[in-house]
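A.B. asks: coordinates only, sequence not included:
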């Protein structure tokens with residue numbers, strides 16, 4: 001007889017307290033943050049930490065320029081501004097992503113145009129991009145979702161043939177590689193998030209803008225600080241108090257920058273441990289009937305910001321929807337002591353801001369006189385909808401969690417799927 005599920009009164013598979021939180025904080029991280037307070041001038045530390053983080057991240061990705069920001073959304077907005085995208089211009093991006101990818105476009109009065117996702121990688125379906133190109137299209141914004149690289153050869157080929165720019169949304173892909181090249185080093189510009197959950201983090205909020213183009217770098221720098229040209233820590237000496245254009249306040253935090261610089265020293269090692277954990281899960285979970293593990297194209301090296309699994313009721317001979325089975329399995333795994341869940345609950349174009357053209361006031365930018373009519377029909381994104389219905393995330397695959405915990409995860413899946421008939425009865 002199958003072992004009794006925890007949700008039905010059995011013993012949980014994962015003991016309480018076994019899962020360790022992310023980010024993993026070391027003594028070196030603590031010392032790096034305390035160094036900010038070690039001198040007499042915290043203002044000087046602002047300059048030091050910003051400059052060194054810029055140099056170190058640009059060097060890591062293989063870019064000429066980097067600007068630290070206060071969020072990944074800010075970094076992406078700076079990407080849009082850097083390319084000279086103007087009101088009414090269109091940017092093509094995937095229907096499944098965190099909606100900040102589209103918000104960065106709207107922030108600059110431009111229009112997001114959505115494309116459905118590839119059903120295997122969950123990145124933008126490059127076969128559908130060209131059908132969405134219009135005379136107003138200025139850029140393509142692929143998202144390396146879950147740390148999985150998008151099909152960048154296809155994106156760059158399309159962009160080259162149509163005279164478009166490429167913005168990489170690398171919010172979740174610090175260290176991911178496409179054909180051996182780091183994500184964030186392939187397009188014209190790229191934006192990273194360093195929010196607390198990310199594989200490289202400030203411990204709070206933050207972001208990183210990168211490019212190789214001097215003019216793009218200058219435009220992004222203007223947007224970052226009120227349209228002014230200012231070196232952090234040198235405001236009193238150098239600030240003109242003359243805005244050269246409309247800008248925001250997108251600077252990063254000095255303590256977060258010190259923390260992330262310390263974390264960066266372990267990024268490759270942490271990525272390797274996370275990949276090992278996820279490869280172990282894939283090896284064992286793929287043997288369980290009714291469970292589908294991540295597909296990895298041969299040219300891609302993902303870092304697994306999220307480990308994604310789906311459920312297949314047809315493989316189990318069940319006459320229920322994927323959504324119903326997913327909800328039941330998630331509930332049972334949670335009772336077993338795992339942290340699992342969903343993220344987005346609807347494709348981005350199905351969200352209220354696009355369905356009702358809320359925008360930033362009286363329907364702008366769609367109603368401001370510079371946009372062509374654009375429809376956001378929910379039925380145009382079946383793969384994104386199917387993904388949301390059938391997939392969920394296994395959290396806490398980050399170090400210091402190791403294979404001992406991953407073995408417990410596998411046991412929990414085996415236990416739940418062996419009892420799946422009891423879950424749905």
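C.D. replies: Okay, I see it. As the structure is a prediction and not an experimental result, all values here were calculated from the model.

A.B. asks: What are the boundaries of the helices in the stretch 1-150 of the chain?
C.D. replies: Secondary structure of the stretch 1-150 of the chain (DSSP state H, counting those that start in this stretch): helices at 27-35, 42-61, 72-82, 100-106.

A.B. asks: For those, give me a markdown table that also has distance to residue 199 and mean pLDDT.
C.D. replies: From N, CA and C alone the C-beta is placed, and that goes for glycine too. Converted to a markdown table, the helices of the stretch 1-150 of the chain look like this (distance: least, CB to CB, whole Å; pLDDT from 0 to 100):
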| stretch | distance to residue 199 | mean pLDDT |
| --- | --- | --- |
| helix 27-35 | 15 | 97 |
| helix 42-61 | 13 | 95 |
| helix 72-82 | 12 | 97 |
| helix 100-106 | 17 | 96 |
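
A.B. asks: Please render those helices as JSON lines that adds mean neighbour count to the earlier fields.
C.D. replies: Shown next, in JSON lines, are the helices of the stretch 1-150 of the chain (neighbours: other CB atoms under 10 Å):
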{"stretch": "helix 27-35", "mean neighbour count": "14"}
{"stretch": "helix 42-61", "mean neighbour count": "18"}
{"stretch": "helix 72-82", "mean neighbour count": "29"}
{"stretch": "helix 100-106", "mean neighbour count": "24"}
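
A.B. asks: any chance of these in CSV, plus distance to residue 91?
C.D. replies: CSV is the format used below for those (distance: least, CB to CB, whole Å):
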stretch, distance to residue 91
helix 27-35, 36
helix 42-61, 22
helix 72-82, 7
helix 100-106, 5
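
A.B. asks: Please identify which of those helices is closest to residue 275.
C.D. replies: For the helices of the stretch 1-150 of the chain, proximity to residue 275 was assessed by CB to CB; helix 42-61 is nearest, at 17.3 Å.

A.B. asks: Show the average pLDDT along stretch 288-305.
C.D. replies: Regarding stretch 288-305, the rounded mean pLDDT is 98.

A.B. asks: What are the buried residues along that stretch?
C.D. replies: Neighbour counts using 16 or more other CB atoms under 10 Å place 288, 290-294, 296-297, 300-305 of stretch 288-305 among the buried residues.

A.B. asks: any low-confidence regions in the stretch 301-425 of the chain?
C.D. replies: Low-confidence regions of the stretch 301-425 of the chain, defined here as pLDDT under 70, do not occur.

A.B. asks: Break down it into its strands, ranges please.
C.D. replies: 307-311, 340-341, 391-394 (DSSP state E, counting those that start in this stretch).

A.B. asks: Buried deepest among the ones you listed, which one?
C.D. replies: strand 307-311 (a mean of 23; mean count of other CB atoms under 10 Å).

A.B. asks: Which other helices and strands does that strand contact?
C.D. replies: Of the remaining helices and strands, those touching strand 307-311 by 3 or more CB pairs under 8 Å, 6 or more residues apart in numbering; DSSP states H and E are helix 267-285, strand 291-292, helix 322-335, helix 382-390, strand 391-394.

A.B. asks: So which of those is nearest residue 76?
C.D. replies: helix 382-390 (19.4 Å).

A.B. asks: From the centroid of this protein, which residue is nearest?
C.D. replies: residue 172 (3.2 Å; CA atoms, centre = their mean).

A.B. asks: Report the spatially nearest residue to that residue, omitting neighbours in sequence.
C.D. replies: residue 305 (3.8 Å; CB to CB, 6 or more residues apart in numbering).

A.B. asks: Likewise for residue 174?
C.D. replies: Nearest to residue 174 is residue 200, by CB to CB, 6+ apart, at 4.1 Å.

A.B. asks: Residue 111 versus that neighbour, what's the distance?
C.D. replies: Counting by CB to CB, to the nearest Å, the gap from residue 200 to residue 111 is 31 Å.

A.B. asks: again, but for residue 123
C.D. replies: The separation that residue 123 has from residue 111, given CB to CB, amounts to 21 Å.
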